[in-house]
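K.L.:
Mind folding the following:
(one chain, ligands or ions: 2)
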Amino acid sequence: METRNHVETIKQLQVRPDVVRGATRPTHSIIVMSGKGGVGKSTISANLAVSLSLNGYNVGILDADLTSPSVPRLLGLTGNIEVEENQLVPVSYSDKLKVLSTGFLVPSPDHAIIWRGGMKMGAIRQFINETKWGALDFLVVDLPPGTGDEPLSIVQELQPDGALIVTTPQEVALVSSRKSIDFARKVEVPIIGIVENMSGYTCPTCGTQVAIFKSGGGERSAKELDVPFIVRIPLDSTICESGDSGKPISENGATAPCASESSNLITQSVLRFYDAKEKVKTENEEVMR
Ligand SMILES: Nc1ncnc2c1ncn2[C@@H]1O[C@H](COP(=O)(O)OP(=O)(O)OP(=O)(O)O)[C@@H](O)[C@H]1O
Ligand SMILES: [Mg+2]
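P.N.:
Ligands and ions are numbered 1, 2, ... in the order given. Next up, the predicted model:
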């Protein structure tokens, strides 16, 4: 196995125009998106990926937030991406979960990655087409906020078959999340559902409920736009703590029962979505026979 330092790997990512389409395509791919930053996409992506892997699936997580990657920290991972037979080798979280992130290409988390459009597109192409993912049941793609270079490149290269939209309940986030829904519809990626994160807070000492960013807006948007609503996740310090310490809630449910229940609901919704899709596919195949 050939190991290169991050500078060589980045250079290689930036200059290679040829795309070796040797990677095995995942059976299912999910993009996790939002219109606004900081609403919990990466937290939800990381927990979903871990949870699917704990359910016995072979899972990959692609951190497509190329300039501000956070998946390595959320999963408590460090490491380098290696290059083997001209393909990138993702870092293993477990034997069921592989992770690819630009966070593994830099010497420290404080190192700025300064890439413009073309470089990002080349990197995404390579992350998808020239990576030894192996046979994946699910590839979860954690996107940066908005509808810019990364989401568009991912859609072009991967043709994902489901989008999970994350929002917080206040109007400024909802407006942006409606744009994400519009984006998914325009590029014909079916929407799995909306998750309303940071929805209310229960004071641990007096039990009073406070709707810091309001509450219920994601659910209302889902109804208005005829999109499935999955779950409201409250503001919960254990979620923040688990992210900072790199110990995903999906793995340590007992420490955060409420957050863990929300995480399970998301996983179950994703599995139901793909089950339904498979059923339709099988029925169509039978009709064609
Ligand atoms: N329900 C929650 N309660 C408390 N903290 C949360 C909750 N959801 C996410 N967080 C915390 O909020 C911060 C932002 O979350 P995260 O990085 O997942 O958001 P993001 O949408 O991926 O952000 P970006 O747009 O920058 O990629 C993290 O510190 C995370 O631990
Ligand atoms: Mg993120």
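
K.L.:
Spell out which residues of the stretch 51-200 of the chain are next to ligand 2.
P.N.:
Asp65, Ser70 (C-beta under 5 Å from the ion). Quick note: C-beta positions are derived from backbone N, CA and C, even for glycine.

K.L.:
Now with 6 Å, please.
P.N.:
Residues of the stretch 51-200 of the chain lying close to ligand 2 by C-beta under 6 Å from the ion are Asp65, Ser70, Asp142.

K.L.:
The second one - how many residues pack around it?
P.N.:
As a burial measure, the neighbour count of Ser70 was computed by other C-beta atoms under 10 Å and equals 19.

K.L.:
How about Ser237?
P.N.:
For Ser237, the neighbour count with other C-beta under 10 Å is 11.

K.L.:
what's the pLDDT at it?
P.N.:
In this model, Ser237 is scored at 92, pLDDT.

K.L.:
hmm, which helix or strand of this structure has the shakiest average pLDDT?
P.N.:
Least confident helix or strand of the chain, by mean pLDDT, DSSP states H and E, is helix 6-15 with a mean of 51.

K.L.:
Quick one: residues contacting Leu48.
P.N.:
Going by C-beta atoms under 8 Å, 6 or more residues apart in numbering, Leu48 touches Ile30, Val32, Val140, Leu164, Ser250, Ser263, Ile266, Thr267, Val270.

K.L.:
Please report which of these has the highest neighbour count.
P.N.:
Neighbour counts for those peak at Val140, which has 31 neighbours (criterion: other C-beta under 10 Å).

K.L.:
Could you dump the contacts of Leu48 into a markdown table with distance to Leu52, pLDDT and secondary structure added?
P.N.:
Formatted as a markdown table, the contacts of Leu48 follow (distance: C-beta to C-beta, whole Å; pLDDT from 0 to 100; DSSP: H, G, I helix; E, B strand; the rest coil):
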| residue | distance to Leu52 | pLDDT | secondary structure |
| --- | --- | --- | --- |
| Ile30 | 9 | 98 | strand |
| Val32 | 12 | 98 | strand |
| Val140 | 7 | 98 | strand |
| Leu164 | 12 | 98 | strand |
| Ser250 | 9 | 93 | coil |
| Ser263 | 11 | 94 | helix |
| Ile266 | 10 | 97 | helix |
| Thr267 | 6 | 97 | helix |
| Val270 | 7 | 97 | helix |
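
K.L.:
secondary structure class for the residue nearest to Gly217 when sequence neighbours are not counted?
P.N.:
Spatial nearest neighbour of Gly217, excluding adjacent residues (C-beta to C-beta, 6 or more residues apart in numbering): Pro169 at 3.8 Å. Secondary structure, DSSP: H, G, I helix; E, B strand; the rest coil: Pro169 is coil.

K.L.:
is it true that Pro169 touches Val195?
P.N.:
No. With contacts counted by C-beta atoms under 8 Å, Pro169 stays clear of Val195, the gap being 11.1 Å.

K.L.:
got any residues that touch both of these two?
P.N.:
Joint contacts of Pro169 and Val195 (C-beta under 8 Å, 6+ apart) are Gly218.

K.L.:
Look at these two and report which has more neighbours.
P.N.:
For Pro169 versus Val195, the count of surrounding residues by other C-beta under 10 Å is larger for Val195: 30 against 24.

K.L.:
correct me, but that one touches Val231?
P.N.:
Yes. Using C-beta under 8 Å, Val195 makes contact with Val231 at a distance of 5.9 Å.

K.L.:
For ligand 1, what is the nearest residue in the stretch 51-200 of the chain?
P.N.:
Pro145 (4.3 Å; C-beta to the nearest ligand atom).

K.L.:
how much space is there between the residue of the chain found nearest ligand 2 and Leu62?
P.N.:
Residue nearest to ligand 2 within the chain: Ser42 (3.3 Å; C-beta to the ion). As judged by C-beta to C-beta, to the nearest Å, Ser42 and Leu62 stand 12 Å apart.

K.L.:
Same question for Gly134.
P.N.:
14 Å.

K.L.:
Identify, from the contacts of Leu48, the entry nearest to ligand 1.
P.N.:
Of these, the one sitting nearest to ligand 1 (C-beta to the nearest ligand atom) turns out to be Val32, at 8.2 Å.

K.L.:
returning to what we had before: could I get the residues of the stretch 51-200 of the chain next to ligand 2 as CSV with pLDDT and secondary structure?
P.N.:
Listed next are these as CSV, based on pLDDT from 0 to 100; DSSP: H, G, I helix; E, B strand; the rest coil:
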residue, pLDDT, secondary structure
Asp65, 97, coil
Ser70, 96, coil
Asp142, 98, strand
